[in-house]
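Undergrad: Next come a sequence and a model predicted from it.
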Amino acid sequence: MNAGEVPLDALLPRRDAGERVPPGWYVACASREVRGRPFPLLVAGQPLVLFRDGAGCIAALEDRCAHRNAPLSAGCVREGRLSCPYHGWEYDGDGRVVHIPAAVAGAHAGLRIPSHPVRESQGFVWLWLGDGTPSMPGPPLFPHLGDRGWTSFTLHTRFTGRVEDCLENFLDCPHATFVHRYWFRAPTGKPVRAVVRTRDDGVEAEFFEEPRERSLVWWSLAPAQGAMRHVDRFIAPAASRVDYEFPGGLHYIITSHCTPVDARETQVTTVISFRSRWPGWLVRLFFEPLSRRIIRQDVDMLRLQAGNIARFGGPRFHGIPADLLRAGIVAWRRALAEGTPPPAAGSERHADLHL
Ligand code: FES
Ligand SMILES: [Fe+2]
């Protein structure tokens with residue numbers, strides 16, 4: 001370890017002290033990852049196991065056998081049932097014990113382990129986290145994924161940091177002139193106007209007179225002239241969406257869904273979709289490695305931030321008006337977790353910042 005590097009494993013707790021996850025649909029993994037074998041997963045500090053049941057539907061169970069606590073993910077799937085590696089107890093997709101090899105008939109009546117509702121959508125597996133039946137019928141859609149005239153690619157990124165810190169980072173312009181200097185933005189000191197609006201599903205910021213100088217991204221992917229429409233949006237409980245739209249139909253959308261792994265890490269699924277006059281493969285050839293490079297810069301920064309928060313035993317945040325969306329993100333997520341009303345839609349505030 002380099003001098004000054006923070007030993008995160010020693011500092012950061014894996015378990016949350018009873019913090020509630022805001023209820024919602026969360027990305028578990030890509031559909032293709034769940035095949036014939038049990039697929040282990042840690043979500044919000046809970047060890048889970050995914051498998052495909054007899055109908056080919058994905059089920060998510062607690063990764064702990066009701067009998068002697070063996071991890072079910074170390075077992076196998078037999079005719080659509082999850083079989084424990086220790087004594088062979090078998091579970092259906094709802095977590096019910098349906099067969100005990102050593103027992104006489106009826107010994108397992110009513111035995112069940114916790115399960116989560118699961119949906120597959122657009123090639124991703126989504127889990128419902130929260131008590132009872134889902135209050136939202138299905139997971140949200142990644143915009144324009146698979147649509148005609150649009151090209152998309154997906155990035156799976158593990159961040160050291162909590163969901164709020166990731167969301168704030170994805171929706172924060174000022175950090176880009178430092179963390180992504182010349183890659184994505186360069187400091188110009190120019191005044192930029194922003195409008196922050198509350199919505200019925202979160203909060204958004206729209207930017208006006210935004211500079212586009214000395215940046216590899218804007219030099220290569222955006223026309224030099226003409227107005228750009230840029231909106232950053234938090235969508236509760238754990239998603240960000242960034243739109244850049246130009247005259248003539250050019251449009252980039254970056255959507256990220258955050259899944260808490262535990263108290264120290266967040267798994268982020270990002271879909272970048274674009275409509276452009278260039279062939280999709282050509283833009284992807286350039287844009288995909290560039291996006292990975294820029295996301296790595298954020299991963300490194302959030303790791304430093306999380307390490308320092310741990311070093312001081314907790315955070316001490318000080319917000320300014322240019323921190324446009326953090327307050328809304330925190331207020332929404334806290335309300336959902338506590339079951340209280342979220343911020344009302346329809347309010348608007350203006351903010352000035354320099355980029
Ligand atoms: S521990 Fe799973 S069957 Fe015994
Ligand atoms: Fe960033």
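TA: Good, I have the coordinates. Ligands and ions are numbered 1, 2, ... in the order given.
Undergrad: what residue ranges in the chain score low on pLDDT?
TA: Counting by pLDDT under 70, the chain shows low-confidence ranges at 1-18, 182-183, 186, 213-214, 217, 224.
Undergrad: Enumerate the residues of it near ligand 1.
TA: Within the chain, the positions lying close to ligand 1 (C-beta under 6 Å from any ligand atom) are C65, H67, R68, A70, C84, Y86, H87, G88, W89. For glycine as for every other residue, the C-beta is placed from the backbone atoms N, C-alpha and C.
Undergrad: Scan those residues and report the most crowded one.
TA: W89 (27 neighbours; other C-beta atoms under 10 Å).
Undergrad: quick one: contacts of stretch 173-193?
TA: Around stretch 173-193, the neighbours that count as contacts under C-beta atoms under 8 Å, 6 or more residues apart in numbering are 169, 207-211, 213-217, 232, 290, 293-294, 297-298, 301, 322, 324, 350-355.
Undergrad: Quick check: end-to-end length of it?
TA: Stretch 173-193 has an end-to-end distance of 12 Å (criterion: C-alpha to C-alpha, to the nearest Å).
Undergrad: ok, now which ones touch the residue nearest to R119 when sequence neighbours are not counted?
TA: Closest residue to R119 apart from its sequence neighbours, by C-beta to C-beta, 6 or more residues apart in numbering: W126 at 4.9 Å. Residues in contact with W126, defined by C-beta under 8 Å, 6+ apart, are W25, Y26, V27, A28, V118, R119, E120, G138, P139.
Undergrad: do you know how far the fourth one is from A59?
TA: Distance of A28 to A59, computed by C-beta to C-beta, to the nearest Å: 11 Å.
Undergrad: what about P85, how many neighbours?
TA: Neighbour tally, P85, other C-beta under 10 Å: 15.
Undergrad: so who does it touch?
TA: Contacts of P85 by C-beta under 8 Å, 6+ apart are A70, P71, L72, A74, G75, C76.
Undergrad: what residue is smack in the middle of this protein?
TA: C258 (1.5 Å; C-alpha atoms, centre = their mean).
Undergrad: That one touches A236, doesn't it?
TA: No: C258 lies out of contact with A236 (C-beta atoms under 8 Å); the separation is 11.4 Å.
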